[in-house]
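**Q** what's the 3D shape of this:
(one chain, ligands or ions: 1)
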Amino acid sequence: MLSTSTVELTSPTATDIQGIFDRIAPVYDELNQRLSLGLHRVWKHMAVRWSGATAGDTALDVCCGSGDLAIMLASQVGAAGTVYGLDFSSEQLGVAQRRSHQAYLPTPIHWIQGDALALPLANQSIDAATMAYGLRNLTDIPTGLSELRRVLKPGAKAAILDFHRPQSSWAEQFQRWYLEHIVVPTACNLGLTDEYAYIAPSVERFPTGPEQVQLAHGAGFSQAVHYPIAAGLMGVLVVSYGHDLG
Ligand SMILES: C[S@@+](CC[C@H](N)C(=O)[O-])C[C@H]1O[C@@H](n2cnc3c(N)ncnc32)[C@H](O)[C@@H]1O
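**A** So this is what the prediction gives:
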């Protein structure tokens, strides 16, 4: 069980997930930085690059949390571009908004409190999209992918970064050890044991790279490639439809 008796580890509801991310918002950035030794920003930059976002684009970061990728996208699309960052956690969006105001970005970011499973955006309106550590947290992954497909223009790409269960047994053992013995105790020191206990089971349940590719095809993406990175501990799913992935 997570911190309240209503939160099941096996299948948290959207309300549970929203509550978790609201509660951890004050320490989320610092924890990410410490737990990944800063590497999460390298992986996020890769996702932004693989989304193909260029100057003047309209870009979207789904499950934007405290805003890392939306801020990177703003630098990528420049003054002529437009960036939307969407999340359902008001606390995470509050942090994102404060950070973006302090970042002197070339274009302001439009922060949207909304649901990744029902994006409040028009069909075929987005030139490039990203999602980092969001897909694993969706209560309905196929619907999340279908929504991305709906809002992307033909030929536009989405790059989806998340944990990945590595193929090699040493990497899998390392990942399990790291989550149990580093992530949870570090969170515990900040009084967030229960909030971070959900990570290991969520990685266990998360579809593998090939399964993600299948799901993407099911959501209407004709092009879908999953790239394991960081020794297979992380992965980036790059999807598109209408044109070949460049
Ligand atoms: C692990 S955080 C990742 C945040 C950010 N992308 C990053 O990498 O730092 C996952 C985020 O997904 C958001 N989220 C989960 N399900 C969502 C949904 N259905 N709609 C909108 N946001 C959602 C949570 O509120 C949380 O901010």
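**Q** Show me the longest helix that occurs in the chain.
**A** helix 14-35 (DSSP state H).
**Q** Give me the residues contacting it.
**A** 2-4, 6-8, 12, 40, 65-66, 68, 87-92, 94-95, 115, 117, 137, 139, 182-183, 186-187, 190, 192, 195-196, 198 (C-beta atoms under 8 Å, 6 or more residues apart in numbering). In this view, the C-beta of every residue, glycine as well, is placed from N, C-alpha and C.
**Q** contacts with the ligand among the residues you listed, please.
**A** 65-66, 68, 87-89, 92, 115, 117, 137 (C-beta under 6 Å from any ligand atom).
**Q** of all these, which comes closest to residue 158?
**A** residue 117 (15.1 Å; C-beta to C-beta).
**Q** Mind telling me what element the closest residue to the closest one other than its chain neighbours is part of?
**A** Closest residue to residue 117 apart from its sequence neighbours, by C-beta to C-beta, 6 or more residues apart in numbering: residue 143 at 4.8 Å. Secondary structure from DSSP states H and E places residue 143 in helix 141-151.
**Q** So for whichever helix or strand comes after that helix, mean pLDDT?
**A** For helix 141-151, the following helix or strand on the C-terminal side (DSSP H and E) is strand 152-163. Computed over strand 152-163, the mean pLDDT rounds to 98.
**Q** Any buried residues in strand 152-163, and which?
**A** 152-153, 156-163 (16 or more other C-beta atoms under 10 Å).
**Q** from the middle of its chain, how far away would that strand be?
**A** Centre-to-centre, strand 152-163 and its host chain are 11 Å apart (C-alpha atoms, centre = their mean, to the nearest Å).
**Q** Can you list the strands that that strand pairs with?
**A** The strands beside strand 152-163 in its sheet (DSSP bridges) come out as strand 126-132 (parallel), strand 234-240 (antiparallel).
**Q** what comes into contact with the last one?
**A** Going back to what we said before, that points to strand 234-240. 43, 46-47, 50-51, 135, 145, 148-149, 152, 155-164, 209, 212-213, 216, 221-229, 245.
**Q** Now restrict the residues you listed to buried residues only.
**A** Using 16+ other C-beta under 10 Å, the buried ones in those are 43, 46-47, 50-51, 135, 145, 148-149, 152, 156-164, 209, 212-213, 216, 221, 223-224, 226-229, 245.
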